[in-house]
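Undergrad: compute the structure for the input listed below.
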Amino acid sequence: MKNILLPLLAVLFLLNYAGLVYGISSVVYVNAHVSGGTTYYDLWTMDPDGGNKQRRTYLDATLMQYPSWSNDGTRILFDSDHNSGYSVNINNVFLYDLRTGVLSALTGEYSEPGSCPCGSISGRVYSDTVTNTPVPNTRVRAKGVLLPVYTDDNGFYTITNVPAQTSWVRASGTGSEWSYRDTIVTAGQATTNVNLYLSDGVFYKYHPRWSPDNARYAQESLHVMPGATTTQIESMYLDQSGKVSMNPPSSDSTIWDPDWSPLEDKLVYVGWGGGLSVRDVLVSNLDGGSRQRIVDCANPFTPCTNPEWSPDGSLIAFIQNSYSLYDTTFPQTSYLRLADSAGGSPWTLYSVSGKSGRIENPTFSPGGNQIIFDIFYPDNTANVFRIDSDGGNLLQITDDGLSFYASWSPQTPPTVTTSTVASTTTTSSTTTSTTLAGECSMKGDYPPCGEITVSEIIDSITMWSTGEADMSEVLALITAWAAG
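TA: Predicted structure coming up:
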């Protein structure tokens, strides 16, 4: 079998050298364009040096954020307000498959037109549950009905031709005043008194992040109400099953910006309030248990954001901004910082001072030896940069002022080693591997020691193509595999 695969691996190596293999380590980012005075956003990809830029979607969304590339380099998660008028939520998480070009909505219960038998929904929209003031001329939409209706002068509405099934009905007022309810629609019958209160608020789904095994993802869930916002971090499978919800430490605190640990058992995120400092970097189990503060951000004028775990699990990159007491609109100095994932004093990798830029969204390369990040400028432009994880070789890789939210791919499954544990076994839905501490030689401690597999060789070739492994290391790996 190995004699058959050796020529194929050689061809793969040559194709990778020519840059033709699908999913070669690349960067996905959001790019903006302006048309008719409105700014629209889509996904683009490029090489880590800024070359080979390609537009991937044509959604022309008015909001698009936080793309996250799967470890196998085939799919991208992101959040957007795309088609939010047809959804329960105002912002949703989407999955874009590069192999097929298919875009899927993972959240939101979209209201694609259904088919009869049908019934109807009628009710009334009120401003809140206390004053019960009817709200006229408010848009109301039901799942499975293409067009919305509007309330009359007394706040009444009726939606006909609603597919007979469990459905939802949603009203949208002004600002953050939104409401929705689930209901049962019966064929040929009117479902009445489905009253909506605009003070109930609406949900936003943000900041999706793949788990290292590609099977699950984490996201922020925001419930926005007039005068109040509550947050959760949720982790689940792509079909929304197996959901684990993490609440903030207390009722007066919030949490957001999740990222997975390499062993998939913990999340790093930002939290504030409830006895915390402002926007501290925290680590806990998926449900919030065993919560640990990694970085204390000290005071309201030095908040932390965007924590990101390194592939080997040893470091956490994050952003810390320093604001003036008299001007909190833009940071005086913005820092890209690193901290030991077990805690301790963080250190600065790069900074921008004099209110000249705000750093955001650090992402490690698959080998952990480089970090890509964005700089947003006071004039609302932004570009993408790359830097070595020791602070050297800063490189600006976009210059159009319209590129941001960059994320590296593929995030190859890392090997997590410690100096005190002889071996670490990790199990995913598809693979089980054992790593012996101190016996790996390739950069980024990858591939895993022990039995060499074809997938590890392919990943090492990909690492070589991005400068994260030497050719001699790849050839030695192939030779060892062939002899084994």
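
Undergrad: the spatially closest residue to residue 115 that is not a sequence neighbour: what's it in contact with?
TA: Nearest residue to residue 115, sequence neighbours excluded (C-beta to C-beta, 6 or more residues apart in numbering): residue 163, at 6.5 Å. No exception for glycine: its C-beta is placed from N, CA and C like everyone else's. Taking C-beta atoms under 8 Å, 6 or more residues apart in numbering, we find residue 163 in contact with 114, 115, 116, 117, 118, 143, 144, 185.

Undergrad: ok, the first one - how many residues close by?
TA: What that stands for is residue 114. 19 (other C-beta atoms under 10 Å).

Undergrad: now swap in the fifth one and tell me
TA: As a burial measure, the neighbour count of residue 118 was computed by other C-beta under 10 Å and equals 19.

Undergrad: surely it and residue 164 touch.
TA: Yes: with contact defined as C-beta atoms under 8 Å, residue 118 and residue 164 form a contacting pair (6.0 Å).

Undergrad: name the residues contacting each of the two.
TA: Common neighbours of residue 118 and residue 164, counting by C-beta under 8 Å, 6+ apart, are 185, 187.

Undergrad: now do the helices in the stretch 151-300 of the chain.
TA: Counting by DSSP state H, counting those that start in this stretch, the stretch 151-300 of the chain forms no helices at all.

Undergrad: where does it dip in pLDDT?
TA: 273-278, 300 (pLDDT under 70).

Undergrad: those strands in it, which residues are they?
TA: Applying DSSP state E, counting those that start in this stretch to the stretch 151-300 of the chain gives strands spanning 156-163, 166-172, 178-184, 190-191, 196-197, 202-210, 216-225, 228-237, 244-246, 253-260, 266-273, 280-285, 292-295.

Undergrad: show me what contacts the residue most central in space within the chain?
TA: The chain has residue 208 as the residue nearest its centroid, 2.7 Å off, counting by C-alpha atoms, centre = their mean. Residue 208 sits next to 66, 68, 77, 78, 79, 93, 106, 217, 218, 219 when contact means C-beta under 8 Å, 6+ apart.

Undergrad: rerun at 10 Å
TA: By C-beta atoms under 10 Å, 6 or more residues apart in numbering, the contact list for residue 208 reads 65-68, 76-79, 92-95, 106-107, 217-220, 234, 258.

Undergrad: angles on the backbone of the nearest residue to it once chain neighbours are set aside, please.
TA: Among residues not flanking residue 208 along the chain, residue 77 sits closest, at 4.0 Å (C-beta to C-beta, 6+ apart). Dihedral pair for residue 77: phi -90, psi 150, per degrees, to the nearest 10.

Undergrad: how many other residues sit next to residue 77?
TA: 24.

Undergrad: partner residues bridging it?
TA: Beta-bridge pairing of residue 77 under DSSP bridges involves residue 68, residue 95.

Undergrad: list the contacts of it.
TA: 28, 66-70, 93-96, 106, 207-210, 217-219, 238, 407.

Undergrad: go with 8 Å
TA: When contacts are counted by C-beta under 8 Å, 6+ apart, residue 77 touches 67, 68, 70, 93, 94, 95, 96, 106, 208, 209, 210, 217.

Undergrad: show me where the stretch 301-450 of the chain has its strands.
TA: For the stretch 301-450 of the chain, strands defined by DSSP E, counting those that start in this stretch occupy the ranges 304-309, 315-322, 333-340, 347-353, 358-364, 370-376, 382-388, 395-396, 403-409, 423-427, 432-436.
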